[in-house]
Every structure is written in C-alpha cells, then in structure tokens.
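S.K.: show me how the following folds:
(one chain, ligands or ions: 1)
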Amino acid sequence: MIKRILIAALTAAAIAGIAAAHSFTVGTLKIGHPWAAVTTGQVGAAYLSIENSGDKPVRLKSARTPAADSVEIHEMSMTDGIMRMRDLPDGVRVDPGAKVALAPGGIHLMLKGLKQPLAEKDKVPLTLTFEDGTEIEVELHVQIPKPDEHKH
Ligand SMILES: [Cu+2]
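M.R.: Numbering: from 1, shown residues only. Below is the predicted model:
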C-alpha cells in the first residue's frame, strides 16, 4: 500500500520551480543533482547521478541519512503492466567513464522511516558509501517531481 501511494506521488505531473543544479565531487566521482521527491508519509525516494571519471569501476553499496531509519537501493520496473520494486543487493555499478542516473521509474534510493514528511525546499543530508570505502556527503534538495524527470 505504501508503495502504491509513493508511485502515485511520483507520477503527479506537477511542475515546481527549477531547482538550482548542484553537484558534489570527491576524487574521480561526481554526484549530480541529488534530490528527493516531496512525501506525505514516512517513505520517500531520492535520485542523483553518479559519474565515474576514474579508470576503475565503482559501486555504490549503501546510503544513509539522519532523516530516515534506513535507505535501500531499489529498482523499479514494469512487469506485465505492473510496477514493481526490487532491492539491488549489489548496489549500483558505474563503469570507468560512465554516468549512471538514478531517476524516477528506474533505480532510486528508498528512504524508509522518515522522521517527518519531506516538504518542498527541504535540504536533507545523505551519505553515499562506495564499495572501496569512499564516502560522499551530499545534500538532497526536496522538490516536486518534474515531468521531464519522470521516465518509464
Ligand atoms: Cu523503492
């Protein structure tokens, strides 16, 4: 039920103001425009891009935020006309020179047990942990999903 409510929220095609682009770089890893969708309940979803300009593959293994009890890496997919979410226990791999986008309708970070609903313009700290131990602190900008970021 909670998943269904979230999907409904993500498909709401409201247009918010354009959020300022922001990014976070550590070494050869660049995290682009981390953001989270507004929520009405205790489950949220966060999105960002990961760009690897190094010469080895990297893997996002986990994430955490003080704003939620836990963060899971999920993938959404359409099977027989039904939206499903599944865990990605191996995380997200980014090859050298590649950029992977976590975006609505695809891979996302699921924020579970939010201490309070996410409201537009909130800023939420998030720590990304990569397989090699690299941690990157980013700030999620909470916004209403834009139609051009909603891909199936
Ligand atoms: Cu999910």
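S.K.: after the stretch of helix or strand residue 70 belongs to, next one along is what?
M.R.: Per DSSP states H and E, residue 70 falls inside strand 68-79. For strand 68-79, the following helix or strand on the C-terminal side (DSSP H and E) is strand 82-87.
S.K.: shaky segments in this protein?
M.R.: Scanning the chain for pLDDT under 70 picks out 1-20, 147-152.
S.K.: tell me where it has helices.
M.R.: 2-11 (DSSP state H).
S.K.: so which bits of it are right by the ion?
M.R.: Selection of the chain residues close to the ion by CB under 5 Å from the ion yields 74, 85, 110. From N, CA and C alone the C-beta is placed, and that goes for glycine too.
S.K.: dump the residues you listed into TSV; add neighbour count as well.
M.R.: Formatted as TSV, those follow (neighbours: other CB atoms under 10 Å):
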residue	neighbour count
74	18
85	15
110	20
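S.K.: put the alpha carbons of the strand holding residue 70 into PDB.
M.R.: Output of strand 68-79 as PDB, limited to C-alpha atoms (Å, rounded to 0.1, in the frame of the first residue of the first chain):
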ATOM      1  CA  ALA A  68      15.300   8.300   7.900                       C
ATOM      2  CA  ASP A  69      15.700   5.000   9.700                       C
ATOM      3  CA  SER A  70      17.100   3.300   6.600                       C
ATOM      4  CA  VAL A  71      18.000   3.800   3.000                       C
ATOM      5  CA  GLU A  72      17.600   1.000   0.400                       C
ATOM      6  CA  ILE A  73      18.800   0.800  -3.200                       C
ATOM      7  CA  HIS A  74      15.800  -0.200  -5.300                       C
ATOM      8  CA  GLU A  75      15.000  -0.600  -8.900                       C
ATOM      9  CA  MET A  76      11.500   0.000 -10.400                       C
ATOM     10  CA  SER A  77      10.500  -1.900 -13.400                       C
ATOM     11  CA  MET A  78       7.300  -2.700 -15.300                       C
ATOM     12  CA  THR A  79       6.400  -6.400 -15.500                       C
END
